[in-house]
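Trainee: quick one, what's the 3D model for this:
(one chain, ligands or ions: 1)
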Amino acid sequence: MKRSWWKESIVYQIYPRSFNDTSGNGLGDINGIIEKLEYIKSLGVDIIWLNPIYDSPDNDNGYDISDYKRISEDFGGNKVFDELIEKIHSHGLKLIMDLVANHSSDQHSWFKEAKKSKLNPFHDYYIWKDGKINEHPNNWESVFGGSAWKWNKETEEFFLHLYTKNQPDLNWENPRVRKEIYSIIDFWLSKGVDGFRMDVISLISKKLDFENVPKEISFKDVMEKFYANGPRVHEFLKEMNREVLSKYDIVTVGEGPGINLEKGLSYVDENEKELNMVFHFDHLTIDFGPKGKYDPIPIDFIRFKKIFSQWDFLLADKGWNSIFLGNHDFSRIVSRFGNDNKYRVESSKLLVTLLMTLRGTPYIYQGDEIGMTNISYPSIDYYDDVETINAWKEAELNGENMSEFLRSVHLQSRDNARSPMQWNLNKNSGFTNGKPWIPVNDNYKIINVSSQLKDSNSTLNYYKEIIALRKTNSTLIYGEYKDLKPDHPQFFIYKRWDENHNFLIIHNFSEKLLKWENVSIMDYNLIFSNYKIEKNQIEIRPWETRVYKLKNY
Ligand code: NOJ
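Mentor: This is a model prediction of the structure:
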């Protein structure tokens, strides 16, 4: 296994609009990030990933970009951004930006031109199909609901949008489009940016027959078989790597809807020179029911563990994994995979122990380091997220029971992860002096950075300690992995080892008191736990996690 700085790094993801507002407009900003760099550094992480902060009409919170080379004035503009890069580097940290290259905003000058006429030089920057206003080119649906095609009256054609109708898909078949994207990448890398998280990169090559999707298949299958992994995706990624990425010492992680075990390695195989890592969603879609995300089902824990083992095995020799449990698109990790009630602190600590002891680069999402939880806004009017609102409208049209649907929204809405960062006990949790763009979770009075800094047993201090443990034990980074109890319904027990050390990690993913007697614990030194442990205590308490190291190895 080749060693690299980005394999040994830990990423901290910032959702800028919800991080820290210094201007008082209710929206986080770049100066707010600068103000918190000491805090971020003190966690022990290495890389900051920022969600999009470019010019955007914000139909999808920045994932609809209207100018790829300009930082939105809402966040502080290009000059403050230059200062951010410099300060990040002077703190010994690195910065990765979001690259949203599958689609632009419909307010991008390319699209404004493209829609004017079929002869416009920018027309072919997007994906068009002839048709009649009521006869859509095929039955494809947008990820956010409704048809994936929108009628453009000027040219009497439809354009494709796999996300909102304000996010037209770019036509990667057109070499000029690809050149534009590479020039954008080069623009930011030459400023000193250290890499990119590439939004829905698995979707850039379209299957040009635009075949209808069979009615009976699941959305997961639609993604895997129709939208993602198109015929030229690897050719495009290799070209991107050759033309621009390979000229810098950077890191790339591709967001990969539709990337499954069959396709995973092809994107990150070190010999193929495409991407360093991908985010797959096998574990993050595990509670999607027959009708999708807003029809949640209980998590199948055995399957959850199996997904980690299968991906570890897949990428063990030739690729590298990204290890994450949540981000700005999913609910809070402690509410989803832990227990955000009685065992909030214990389970938050367990989950970060999982992240820090698996093979791959770990990603921490802002606020998880203090155990921030989901938020239950009282009605749909409080929600901002386009995905949530569209799903709500669709449920209403389908005549669903809306109070039940609100419960699903409480569990699954992306706004769960987007409520403002909880810094202290001041008004609006110290996030803003103004009116926050989305309401703060009331539990900031209990869960906030400032109180946790003062408490040596806090989730925040535990994060720092387990991060340090990982950073100082390369066995936890590069070592082999084996699940020792794949069929156990509550335990996740695995070992990590190399020629130098052998670790045994035990997590109790339940509220039960469990015994595990298969290994003589006497052979091991306990080096880390989220509970105080009496000598040789065999019983593993609710949401307890332990890291052991073999004595004579
Ligand atoms: C994935 C991003 O993470 C999400 O927030 C966004 O809505 C879609 N891609 C579309 O860009």
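
Trainee: would you mark the buried spots in the helix or strand hosting residue 464?
Mentor: Residue 464 belongs to helix 459-471 when assigned by DSSP states H and E. By neighbour count on 16 or more other Cβ atoms under 10 Å, the buried set for helix 459-471 is 459-463, 466-467, 469-471. Where you see a C-beta, it was placed from the backbone N, CA and C, and this is true even at glycine.

Trainee: export whichever helix or strand comes after that helix as PDB, just CAs?
Mentor: As assigned by DSSP H and E, the chain's next helix or strand after helix 459-471 is helix 474-478. Extracted C-alpha coordinates of helix 474-478, given in PDB (Å, rounded to 0.1, in the frame of the first residue of the first chain):
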ATOM      1  CA  SER A 474      -0.200   4.200  11.500                       C
ATOM      2  CA  THR A 475      -1.600   0.700  12.100                       C
ATOM      3  CA  LEU A 476      -5.000   2.300  12.500                       C
ATOM      4  CA  ILE A 477      -4.500   4.000   9.200                       C
ATOM      5  CA  TYR A 478      -2.900   1.400   6.900                       C
END
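
Trainee: which parts of helix 474-478 are buried?
Mentor: Result for helix 474-478 [16+ other Cβ under 10 Å]: buried residues 475-478.

Trainee: just the residues contacting the helix holding residue 464, thanks.
Mentor: The contact list for helix 459-471 (Cβ atoms under 8 Å, 6 or more residues apart in numbering) reads 8, 10, 42-45, 345, 348-349, 352-353, 356-357, 362, 364, 369-371, 449, 452-453, 455, 476-477, 527-528, 530, 547.

Trainee: can you flag the buried ones in these?
Mentor: 10, 43-45, 345, 348-349, 352-353, 356-357, 362, 364, 369-371, 449, 452, 476-477, 528, 530, 547.

Trainee: residues contacting the residue in the stretch 51-200 of the chain that the ligand sits nearest to?
Mentor: Residue nearest to the ligand within the stretch 51-200 of the chain: residue 63 (3.4 Å; Cβ to the nearest ligand atom). Residues in contact with residue 63 (Cβ under 8 Å, 6+ apart) are 52, 56, 98, 100, 163, 167, 199.

Trainee: any chance of those residues in JSON lines, plus pLDDT?
Mentor: Converted to JSON lines, the contacts of residue 63 look like this (pLDDT from 0 to 100):
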{"residue": "52", "pLDDT": "98"}
{"residue": "56", "pLDDT": "98"}
{"residue": "98", "pLDDT": "98"}
{"residue": "100", "pLDDT": "98"}
{"residue": "163", "pLDDT": "98"}
{"residue": "167", "pLDDT": "98"}
{"residue": "199", "pLDDT": "98"}
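
Trainee: can you flag which of these belong to strands?
Mentor: residue 98 (DSSP state E).

Trainee: export the contacts of residue 63 to JSON lines and tack on distance to the ligand?
Mentor: Putting those into JSON lines (distance: Cβ to the nearest ligand atom, whole Å) gives the following:
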{"residue": "52", "distance to the ligand": "8"}
{"residue": "56", "distance to the ligand": "11"}
{"residue": "98", "distance to the ligand": "8"}
{"residue": "100", "distance to the ligand": "6"}
{"residue": "163", "distance to the ligand": "4"}
{"residue": "167", "distance to the ligand": "6"}
{"residue": "199", "distance to the ligand": "5"}
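
Trainee: by neighbour count, which of the contacts of residue 63 wins?
Mentor: Ranked by neighbour count (other Cβ atoms under 10 Å), these have residue 100 at the top, with 29 neighbours.

Trainee: give the closest residue to that residue in space, chain neighbours not counted.
Mentor: Sequence neighbours aside, residue 199 is the residue nearest to residue 100 in space, at 4.3 Å (criterion: Cβ to Cβ, 6 or more residues apart in numbering).

Trainee: contacts only, for that neighbour.
Mentor: Counted by Cβ under 8 Å, 6+ apart, residue 199 has contacts 52, 63, 98-102, 255.

Trainee: please redo it, this time with the cut-off set to 10 Å
Mentor: 51-52, 63, 65, 98-103, 163, 254-255, 257 (Cβ atoms under 10 Å, 6 or more residues apart in numbering).

Trainee: pick out the most distant pair among the residues you listed.
Mentor: Greatest spatial distance in these: 65 and 257, 18.6 Å, computed using Cβ to Cβ.

Trainee: show me which of these two is the more surrounded one.
Mentor: residue 65 (28 against 22).

Trainee: ramachandran angles for the nearest residue to the more buried one once chain neighbours are set aside?
Mentor: Spatially, and ignoring its direct neighbours in sequence, residue 65 is nearest to residue 54 (4.7 Å; Cβ to Cβ, 6+ apart). Phi and psi for residue 54, reported as degrees, to the nearest 10, are phi -80, psi 170.

Trainee: all the helices of the stretch 251-400 of the chain, residue numbers only.
Mentor: Assigned by DSSP state H, counting those that start in this stretch, the helices in the stretch 251-400 of the chain fall at 264-268, 301-315, 333-336, 344-357, 386-397.
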